[in-house]
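Q: Sequence plus predicted model, see below.
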Amino acid sequence: MIRAGCLSSLVTIGVMMSGTAHAQEPGKVGITVQYPTSIGILWHASDKIALRPDITYSGSSVGSSSGSGSSSWNVGAELAVLFYLKQYDHLRTYFAPRVDYGYSHSHVDIGSATSASGSVDTSRWGAGATGLFGAHYSPVTRFGVFAELGFGYSHSTIPTVATLSGSGNSWGTRAAVGAVFYP
């Protein structure tokens with residue numbers, strides 16, 4: 001049910017955006033789909049600057065006949081500010097600083113068929129920043145594709161397990177590809 005609710009919310013947002021996008025010049029606001037797994041908006045604030053907020057959501061659940069099982073969900077938001085560098089016909093290069101925030105929650109039930117029973121809930125959050133270089137190719141007015149790579153840093157909490165908790169840091173490369181549709 002959560003997936004159906006999330007999907008219907010995204011469709012509603014898309015319909016609302018397409019109604020306002022018709023009042024603007026073509027190519028000003030677009031809907032983005034990005035791999036790995038995010039959906040967002042690309043808004044060209046000017047010829048040189050664009051904003052791209054994205055959201056992510058995922059969930060999973062596993063159960064067994066003994067009554068044990070687990071479920072988890074993750075939600076995240078990120079914002080990239082694209083500074084366009086150069087244009088070559090239908091290809092534009094850009095530099096983009098990006099910030100992100102994510103939250104996840106897990107629940108584990110230990111079934112009554114085992115000697116121990118009960119449940120465990122854990123939560124964690126993370127925030128990070130990335131510097132990206134990318135290219136956006138628009139062969140037609142209402143559609144484009146992009147690819148980007150960069151280097152980022154993130155900080156997150158470590159879930160509390162048996163009175164132990166803490167935080168962690170990570171850094172590394174990031175790569176993504178995506179498509180933009182301008183309604």
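A: Thanks, I have it. Residues are numbered from 1 along each chain as shown.

Q: Report the mean per-residue pLDDT for the helix or strand containing Trp171.
A: Here Trp171, judged by DSSP states H and E, is contained in strand 164-181. Summarised as a single mean, pLDDT over strand 164-181 is 90.

Q: now it, how far from the centre of its chain.
A: 10 Å (CA atoms, centre = their mean, to the nearest Å).

Q: and that strand, what other elements does it pack with?
A: When contacts are defined as 3 or more CB pairs under 8 Å, 6 or more residues apart in numbering; DSSP states H and E, strand 164-181 sits against strand 29-35, strand 118-140, strand 143-161. Glycine gets a C-beta too; all of them are placed from N, C-alpha and C.

Q: Pick the most deeply packed of those.
A: Highest mean neighbour count among the helices and strands packed on strand 164-181 (mean count of other CB atoms under 10 Å): strand 29-35, with a mean of 18.

Q: Alpha carbons of the helix or strand following it, in CSV - could you do that?
A: For strand 29-35, the succeeding helix or strand toward the C-terminus, using DSSP H and E, is strand 38-44. Output of strand 38-44 as CSV, limited to C-alpha atoms (Å, rounded to 0.1, in the frame of the first residue of the first chain):
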residue,chain,number,x,y,z
SER,A,38,15.8,9.0,-7.9
ILE,A,39,13.0,11.1,-9.3
GLY,A,40,13.1,14.9,-9.4
ILE,A,41,12.7,18.2,-11.1
LEU,A,42,15.1,20.2,-13.2
TRP,A,43,14.4,23.9,-13.2
HIS,A,44,16.4,26.2,-15.4
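
Q: can you list the helices and strands packed on strand 164-181 in JSON lines and add distance to Tyr84 and mean pLDDT?
A: Output for the helices and strands packed on strand 164-181, formatted as JSON lines (distance: least, CB to CB, whole Å; pLDDT from 0 to 100):
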{"stretch": "strand 29-35", "distance to Tyr84": "15", "mean pLDDT": "95"}
{"stretch": "strand 118-140", "distance to Tyr84": "8", "mean pLDDT": "90"}
{"stretch": "strand 143-161", "distance to Tyr84": "12", "mean pLDDT": "88"}
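
Q: Just send the ones you listed back as a markdown table, with distance to Val62 too.
A: Formatted as a markdown table, these follow (distance: least, CB to CB, whole Å):
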| stretch | distance to Val62 |
| --- | --- |
| strand 29-35 | 25 |
| strand 118-140 | 14 |
| strand 143-161 | 18 |
